[in-house]
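# Build the 3D model from these lines:
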Amino acid sequence: MLRHPNRVRITRSVAFFCTCVAVLIVLHLWYLDRAATAPSSSTSPVQNGKASSDVELVVASMKHENTSWIREYLPDWRSSIYVVDDPGAQLTVPRNKGREAMVYLTCV
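Predicted coordinates for the structure are as follows:
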């Protein structure tokens, strides 16, 4: 018995739709399971008005840029301000290449 081409296309479309729904359900259940087993402590940089000790603000800057606002507006945050074009700066990179990437790869 030959199948009608439209019936085959409809069957494939329904199968594709059901597969997509099944994948979304599995992903949603996986997400709910991860959220339920996650530690109860918040990973926010600020907890109860105090900076978390395991979070640090890393900034890539150049000599001419004003970064004083970081210490002014975020005094409780730990911050590392790298000056990429000043080899004599306290925090700098071995070579000013790759924009901010070199700073994040250099962080200690």
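
# Could you use CA atoms for every contact and neighbour count after this?
Fine.

# and the chain, what are its domains?
1-38, 46-106 (automatic domain parsing).

# Please identify the most buried of those.
Using mean count of other CA atoms under 10 Å, the stretch among those with the greatest mean number of neighbours is domain 46-106 (a mean of 14).

# Which single helix of the protein contains the most residues?
Selection of the longest helix in the chain by residue count, based on DSSP state H, yields helix 5-37.

# Now do that one: distance to the chain's middle.
Taking the mean of its C-alpha atoms, helix 5-37 sits 27 Å from the chain's own mean (CA atoms, centre = their mean, to the nearest Å).

# what is the mean pLDDT for that helix?
Mean pLDDT, computed over helix 5-37, is 83.

# Now Arg78: closest residue in space that isn't a chain neighbour?
With sequence-adjacent residues excluded and distances taken as CA to CA, 6 or more residues apart in numbering, Arg78 is closest to Glu56, at 5.0 Å.

# same deal with Ala60?
What sits nearest to Ala60 in space, not counting adjacent residues and going by CA to CA, 6+ apart, is Tyr82, at 5.0 Å.

# so what pLDDT did that neighbour get?
Turning to Tyr82, the model gives it a pLDDT of 86.

# helix or strand right after the helix or strand hosting it?
If you go by DSSP states H and E, Tyr82 is part of strand 78-83. Once strand 78-83 ends, the next helix or strand along the chain (criterion: DSSP H and E) is helix 101-106.

# ok, residues contacting that next one?
Contacts made with helix 101-106 from outside it, assessed by CA atoms under 8 Å, 6 or more residues apart in numbering, are listed as 58-60, 82, 84, 92-93, 95-96.
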